[in-house]
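Asks: Fold the stuff below for me.
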Amino acid sequence: MRKPELLAPAGTFECLVAAVQGGADAVYLAGKHYGARNYAGNFTDDELIKGIKYAHKYGVKIYVTINTLIYDSEVKSFIDYVRFLAQNNVDGVIVQDLGMMSLICQKFPNLEVHASTQMHIHNYEGLKLLKKLGVTRAVIARETPIADIKKLVKYGVDIEAFIHGALCVCYSGQCLMSSMIGGRSGNRGTCAQCCRQPYSLMHNDKVIAKDKYLLSTKDLNTLDNIGELIEAGVASLKIEGRMKRAEYVYYVTALYRKAIDSYIENKKVVITDEEIKNLKKLFNRGFTKGFIFNEKNNNFTNEERPNHMGVEIGKVISYKDGKATIKLTDELAIKDGIRILGNNDVGTTITNIYKDNQKIKLAVKGDIINIPIDYVEKDSVVLKTTDNNQLDEIQSLINDESRKIIIKGNLIYKKNRLFLSLSDGVNTVSCSTDEVEKSINQPTTQDRIYTQLMKLGDTIYECERLDIDMPNDLFIPISLVNELRRQAVSMLDEKRMYEIPFVERDYKLTVPNFKKEERFSVYISSIDHYNLVKENDIDDIYVDLDTYNKINDKRKILKLDRVITKFPNYKKTLLVGDIGSVNKYKNCYTDFSLNVTNAYTVGLLHHLGAKRVTLSYEMNNYQIKKLVDNYYSVYNKKPNLELIVEAYPEVMVSKYNILAKYNLKNGDNYLVDKYKNKYKLVSKNGLMYIYNFEQIKLTDYDRYYEMGINSLRINL
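Replies: Just a heads-up that it's a prediction; the model follows:
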């Protein structure tokens, strides 16, 4: 049974220390650019170098996220940054952009590359393609069930799976909602979290649910299922949380460390109710096992609130003169944070607690207390959202840096000198003293030497065994023993700071040359759509499978879903939406969902056999022109590009299905936001698709043909 890596998040250096001290085997973080969490603290270059050294000292790996889409104008600075990472012993990089992944794998062969969950890897063909490119690990889509993961581990690429923390309701890397609404792209690290906003659900103009958090997921918690992940052969178990505070990072990491170790040792995970309660106090939106463990639609979201729920500690029994009277079912202390639920939730940090008209610092279960607070209703539930004592206790554990590296030592006397060797199981160092003399009056005892050599309190080491082989008639100054210990420890520290050899090579890729064309295509999803366009001057008609089988038209091209786990042996041109399909079906066309934003991605797709590449919705005219120009510059060839000029974009595809949850059939189903914008909902093949409220409608088609686009498309 393979022991998996425990991978923890760090948004700041403080969180990195917390992750290491909590027991992480590896930590993922980001620099100031190209990370998918722009609003985390993130690391300067100097902090990153410092963090790598700190982690490596403890034998902890560092993976840097460079998992945003990259535009052509950014490629040079992006590669400069990757070069900096490779030269400073980063253990791996996590990448979303397909073109940049290919570029890194070629240019920096000694740098380990992991495919981000943003790359939408969810099938075996996707893994096969990654292996061809030289990628060593894939962060599998969170929606992938454990039964599928057990099969996917066999394809030669390590599988990394999320085990705890916030979930996206949309398949990662496939969400355009924030980008389409407000120009803040999740694929560029600036997601506005539209899924955490309230919506109303409309069916045939009837309100089914009003002002609820219909897309807000609960937090993933797989503590009870760690054994299944280990048995499945998952290589890395990943905690989400680069936006979380250090105390959260430490506690969650430590809890999963305990779970993994206990299962490896005893085939059993024992987590106490008290530990779960402490976990909830730090942060929770309610917990779900996620689709990885086949969670049902009705337990995947928290429609009542999108933020930290804390734990219930009492109820309001009355309110008078600016004070709430509360009966407690748990402790409450000064500096704790609370939220009282009502028509308008009220939150505060506790500054005063009164019991029997006396100020107290700590109230316990059963106490009836008064606290100053804005008006709250009787019978309102009181939640503790911050436990100050808990935070202090965790912070002290972090500061203690109690994590130790277990070593063994050996001291021998040979040729009038003492030789001390230390080993951590991987690295061994040895040093020696000058000549030592025979004792005249008071020999230095082995016990005294043993005691001095074992004084490792200010180091990261703990010696579990020290063998001493020396005569009993030597006089050895204690200062000499201390210096010997310091020298050996210093040498071991240095040995543990391994270096990954830096290698940089040229980038080369063969691509075909395409002729200039001016084609026009349309995507349809029904016979009604087909009847609208069949007489028009259209070169290609993209069609879903159901409609494809109902029409007889030489122009039709089958459009595959972007979430796909089975690959029939089609012998026809296809429009495909994920990289697994690119690997399976040669001579395909690729859809917008491959997130193509630079010439290198276009080049790779053409190199792999794609005959036409659709650009991302997230490109403006300047970026399109830059891409075409850069393609000529890099490959000295012409690409074959398609641009969608008219559509209501699919802004989400989700395994969570609101329509199924509310037992609604397809029809006039919409989400309505607080601005009265209406987002159409469609259920198809077990998935839910959400369409933007606003139509994209580009004009002046000749302009795009002149830019170098070969095909323009309308999506009906």
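
Asks: what residues are up against Asp345?
Replies: Arg305, Arg339 (C-beta atoms under 8 Å, 6 or more residues apart in numbering). The C-beta positions use only the backbone N, C-alpha and C, and glycine is treated the same way.

Asks: gap between it and Val602?
Replies: 49 Å (C-beta to C-beta, to the nearest Å).

Asks: now Val489
Replies: 53 Å.

Asks: can you check Ser178 too?
Replies: With C-beta to C-beta as the criterion, Ser178 and Val602 are 25 Å apart.

Asks: now the end-to-end length of stretch 88-108.
Replies: Start-to-end span of stretch 88-108 (C-alpha to C-alpha, to the nearest Å) is 13 Å.

Asks: returning to that earlier point: between Ser178 and Val602, which one's more packed in?
Replies: Val602 (28 against 20; other C-beta atoms under 10 Å).

Asks: Tell me the secondary structure at that one.
Replies: Secondary structure, DSSP: H, G, I helix; E, B strand; the rest coil: Val602 is helix.

Asks: Was I right to think it contacts Asn630?
Replies: No - applying C-beta atoms under 8 Å as the test, Val602 and Asn630 come out as separate, 9.4 Å apart.

Asks: Just the buried residues of stretch 176-183, please?
Replies: The neighbour-count check on stretch 176-183 (16 or more other C-beta atoms under 10 Å) flags Leu176, Met177, Ser178, Ser179, Met180, Ile181 as buried.

Asks: burial count for the residue lying closest to Gly92 once chain neighbours are set aside?
Replies: Ranked by C-beta to C-beta, 6 or more residues apart in numbering and with sequence neighbours excluded, the top spatial neighbour of Gly92 is Glu112, at 3.6 Å. Summarising burial for Glu112: neighbours were counted as other C-beta under 10 Å, giving 21.

Asks: Also Lys296?
Replies: Neighbours of Lys296 (other C-beta under 10 Å): 11.

Asks: What are the phi and psi values at it?
Replies: Listed backbone geometry of Lys296 is phi -80, psi 160, with angles given as degrees, to the nearest 10.

Asks: rewinding a little: Gly134 is in contact with the residue nearest to Gly92, correct?
Replies: No - using C-beta under 8 Å, Glu112 is not in contact with Gly134, being 9.5 Å away.

Asks: if I look at the residue most central in space within the chain, how far off is Tyr256?
Replies: Nearest to the mean C-alpha position of the chain, by C-alpha atoms, centre = their mean, lies Glu240 at 5.5 Å. Using C-beta to C-beta, we find Glu240 at a distance of 12 Å from Tyr256.

Asks: Which residues are in contact with each of these two?
Replies: In contact with both Glu240 and Tyr256: His164, using C-beta under 8 Å, 6+ apart.

Asks: Hmm, Thr445 is touching Asn472, no?
Replies: Yes - at 7.4 Å, Thr445 counts as touching Asn472 under the criterion of C-beta under 8 Å.

Asks: Have a look at those two and say which one is more surrounded.
Replies: Thr445 (12 against 9).

Asks: how far away is the more buried one from Asp473?
Replies: Counting by C-beta to C-beta - Thr445 and Asp473 are separated by 11 Å.

Asks: Now do the nearest residue to Asn42 once chain neighbours are set aside, the pLDDT please.
Replies: Distances taken as C-beta to C-beta, 6+ apart place Ala30 nearest to Asn42, at 4.9 Å, with adjacent residues excluded. In this model, Ala30 is scored at 95, pLDDT.

Asks: Name all residues that make contact with Ala30.
Replies: Contact analysis of Ala30 by C-beta under 8 Å, 6+ apart lists Ala36, Arg37, Ala40, Asn42, Phe43, Val64, Thr65, Ile66, Arg242.

Asks: Swap in 7 Å and give it another go.
Replies: Arg37, Ala40, Asn42, Phe43, Val64, Thr65 (C-beta atoms under 7 Å, 6 or more residues apart in numbering).

Asks: go on, Glu535?
Replies: Per C-beta under 7 Å, 6+ apart, neighbours of Glu535: none.

Asks: Doesn't it lie inside a helix?
Replies: No - the assignment for Glu535, made by three-state DSSP, is coil rather than a helix.

Asks: Thr547 versus that one, what's the distance?
Replies: For Glu535, the distance to Thr547 - C-beta to C-beta - is 17 Å.

Asks: for the protein, what helix or strand is lowest in average pLDDT?
Replies: strand 437-438 (a mean of 82; mean pLDDT, DSSP states H and E).

Asks: And for that strand, what's in contact with it?
Replies: With C-beta under 7 Å, 6+ apart as the criterion, strand 437-438 contacts Asp473, Leu474, Phe475.

Asks: now the contacts of Ala30 as JSON lines including distance to Ser77?
Replies: Listed next are the contacts of Ala30 as JSON lines, based on distance: C-beta to C-beta, whole Å:
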{"residue": "Arg37", "distance to Ser77": "19"}
{"residue": "Ala40", "distance to Ser77": "20"}
{"residue": "Asn42", "distance to Ser77": "16"}
{"residue": "Phe43", "distance to Ser77": "17"}
{"residue": "Val64", "distance to Ser77": "15"}
{"residue": "Thr65", "distance to Ser77": "16"}
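
Asks: Of those residues, which is the nearest to Thr329?
Replies: Comparing those against Thr329 with C-beta to C-beta places Ala40 closest, at 35.1 Å.

Asks: right, and that closest one touches Phe13 too?
Replies: No - look at Ala40 against Phe13 with C-beta atoms under 7 Å: they stay out of range, at 11.8 Å.

Asks: Tell me the secondary structure of Tyr263, please.
Replies: Tyr263 - assigned by three-state DSSP - is helix.

Asks: confidence score at it?
Replies: pLDDT at Tyr263 comes out at 97.

Asks: so who does Phe13 touch?
Replies: Taking C-beta under 7 Å, 6+ apart as the definition, contacts of Phe13 comprise Phe43, Glu47, Lys50, Gly51.

Asks: Angles on the backbone of it, please.
Replies: Dihedral angles for Phe13 - degrees, to the nearest 10 - are phi -60, psi -40.

Asks: State the distance from it to Asp458.
Replies: Phe13 is 21 Å from Asp458, by C-beta to C-beta.

Asks: ditto for Leu201
Replies: From Leu201 to Asp458 the distance is 60 Å (C-beta to C-beta).

Asks: Tell me which of the two has more neighbours.
Replies: Neighbours around Leu201 and Asp458, counted as other C-beta under 10 Å, are more numerous at Leu201. The numbers are 22 against 8.

Asks: which SS class is that one?
Replies: Per three-state DSSP, Leu201 ends up strand.
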